[in-house]
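Enquirer: Sequence and computational prediction follow.
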Amino acid sequence: MPAWEGTNWMTLFDGQSLDGWRTTPFAGAGEVMVEKGRMILRMGAMLTGVNLVRTNDLATQNYELGLDAMKVEGSDFFCALTFPVGDTCCTFLLGGWGGGVVGISSINGNDASLNETTKYLNFESGRWYRVRVRVTPARLETWIGEQKMVDVELEDKRISVRPGEIELSQPWGIATWQTTGAIRDVRYRKL
């Protein structure tokens, strides 16, 4: 993977342990472990996930969050990255609704499959995808690799997490749905 764009990135996952993280208490969750520098979220009956524990020094506006994600096994989302947008939260979804939907859940009550951010990508198993989110008071932007996936003006928009168990991912979390995902190089920086 190329170097991260910009400076002042803070590492949030040490690649050795789950220090600073906790397993999200989803019903029927798969096992979460660290292997070969990767956080592995094993396929569960439904959702498997982790939450960042150390969040006091993280701003909820004017920041970037990034990570590398890989679909290991399964056919649905391998990375649902939940993060704050000011005083609320939302989720950037990779591979939902059977493996191809990308977008934000939720905008004005519509999830990633039904709003202006909906896109479709074919994600290959065993391939790393660089994911980056930028939150400012005016905009929400996301990228997969160099491709900008979301560019939403926040004025007059209602941002939220999709109702249901994924709400447990707030404020900072990563989840998978009936899929094994791998995560590495989780980073954060203030803008």
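Expert: Cool, the structure landed.

Enquirer: Pick out the residue nearest the middle of the chain.
Expert: Leu81 (1.4 Å; Cα atoms, centre = their mean).

Enquirer: Identify the residues contacting it.
Expert: Leu65, Leu67, Ala69, Thr91, Phe92, Leu93, Leu94, Val131, Val133, Gly173, Ile174 (Cβ atoms under 8 Å, 6 or more residues apart in numbering). (Glycine included, C-beta is placed from N, CA and C.)

Enquirer: what comes into contact with the host helix or strand of the last one?
Expert: Of the helices and strands defined by DSSP states H and E, Ile174 is found in strand 173-177. Strand 173-177 is touched from outside by 24, 26, 30, 39, 41, 43-44, 46-52, 67, 74, 76-82, 96, 166, 169, 181, 183, 186, with contacts defined as Cβ under 8 Å, 6+ apart.

Enquirer: After the helix or strand bottoming out on mean pLDDT in the chain, which helix or strand is next?
Expert: Using mean pLDDT, DSSP states H and E, the weakest-scoring helix or strand in the chain turns out to be helix 96-99, at a mean of 92. Per DSSP H and E, helix 96-99 leads on to strand 101-105 as the next helix or strand towards the C-terminus.
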